[in-house]
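Asks: model the structure of this input:
(one chain, ligands or ions: 2)
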Amino acid sequence: MNKTIGFIGSGNMAKAMIGGIVKSKLVPSNKINVSDLNQDTLNKVNAEFNVNTSTDSRDVVEKSDIVIVAVKPNVYDLVLESVKDLIDNNKIIVTIAAGKTIASIENIIGNDKKIVRTMPNTPALVNEGMSALCKNKNISNDELDTVKSIFDSFGKSEVVSENMIDAVIGVSGSAPAYVFMFIEAMADAAVSAGMSRPQAYKFASQAVMGSAKMVLESGKHPGELKDMVCSPGGTTIEAVKTLEEKGLRNAVIKAMENCIKKSQEMNK
Ligand SMILES: NC(=O)C1=CN([C@@H]2O[C@H](COP(=O)(O)OP(=O)(O)OC[C@H]3O[C@@H](n4cnc5c(N)ncnc54)[C@H](O)[C@@H]3O)[C@@H](O)[C@H]2O)C=CC1
Ligand SMILES: O=C(O)[C@@H]1CCC=N1
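Replies: Ligands and ions are numbered 1, 2, ... in the order given. You can find the predicted model right below:
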């Protein structure tokens, strides 16, 4: 890609994306500009990915064709205010923040500017990200494809309507946290049965990854795949019975409802 990509904010999500872009060689690392208030953070990002760094976000905006704003929602508006005079009608502003609608960004930088709202997730770091994208009226389909290719460089992505972003946060943006909790719990049980910690994480993670791959690649319903594991009178059905008794499905649905509700509240 013949574009310069900037990141304002170099925290958990930005680092996952930078790592994914650099590993996929979508653009050379000297075409990635990164800012953060924290010099230690920048030193680490530079040491790991060899990208250009600055403590001044204005540098990043000036030098980048596509600017990914990756700061927390509570400082988001201030950051945009501080760089808005540098945003012309050619630069593409990409937002990854929960609760920052296209309309709220247009209110600050102008409704004549090019904006893409996205929701990525941290597995971007290992090229297994899942992202959603939507655009404002000033972004052409070609420009959306260009931004999509950034997100495709570290995983999969889909174009959605903006009102789907809250559901996306529930099912993929925030989801790695629940999956890590599930893996941790599985590993705890294996450790309790005498397995070493490292081996327990390996078995639990590979079981989760393999199962996810079967859903994606077999085309079979997850219930059918579950039934294939449950031998009559066997071990698995005992675990399934306990998970139903303890309300695993209901806990997941309720947790995601709260996650999505929070996202909707943050949009206001
Ligand atoms: N962490 C995740 O899994 C995901 C996060 N997001 C979104 O990404 C955004 C960032 O989240 P995280 O990376 O988790 O947060 P974080 O706290 O890890 O990173 C934010 C970074 O921004 C820097 N920063 C703060 N003020 C700044 C300023 N004025 N100029 C430049 N840098 C500044 C901080 O020093 C920090 O390094 C949020 O808006 C969040 O909604 C979206 C999807 C997933
Ligand atoms: O927890 C958050 O608010 C962000 C958005 C999705 C994942 N992390």
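Asks: from here on, just use CA atoms for contacts and neighbour counts.
Replies: Will do.
Asks: phi, psi for residue 139 please.
Replies: Backbone torsions for residue 139, taken as degrees, to the nearest 10, come to phi -90, psi 130.
Asks: what sits against it?
Replies: Counting by CA atoms under 8 Å, 6 or more residues apart in numbering, residue 139 makes contact with 114, 115, 116.
Asks: show me these that map onto strands.
Replies: If you go by DSSP state E, the contacts of residue 139 have 114, 115, 116 in strands.
Asks: most neighbours among those, which one?
Replies: Within the ones in strands among the contacts of residue 139, most neighbours by other CA atoms under 10 Å means residue 115, with 27 neighbours.
Asks: test my guess that that one contacts residue 88.
Replies: No: the criterion here is CA atoms under 8 Å, and residue 115 misses it with residue 88 at 11.5 Å.
Asks: just to revisit the earlier point, of the contacts of residue 139, closest to ligand 1?
Replies: residue 116 (13.6 Å; CA to the nearest ligand atom).
Asks: list the contacts of the closest one.
Replies: Residue 116 neighbours (CA under 8 Å, 6+ apart): 92, 93, 94, 95, 102, 133, 134, 135, 136, 139, 144, 147.
Asks: how about a cut-off of 6 Å?
Replies: 94, 134, 135 (CA atoms under 6 Å, 6 or more residues apart in numbering).
Asks: mind pulling the model confidence for it?
Replies: On the pLDDT scale, residue 116 is placed at 98.
Asks: what's the answer for the one 4 residues further on, then?
Replies: The predicted local confidence for residue 120 comes out at a pLDDT of 97.
Asks: count of neighbours near it?
Replies: Residue 120: 27 neighbours (other CA under 10 Å).
Asks: isn't it right up against residue 131?
Replies: Yes: in terms of CA atoms under 6 Å, residue 120 counts as a neighbour of residue 131; the distance is 4.1 Å.
Asks: picking up where we left off before, just the closest of the contacts of residue 139 to ligand 2, please.
Replies: residue 116 (16.3 Å).
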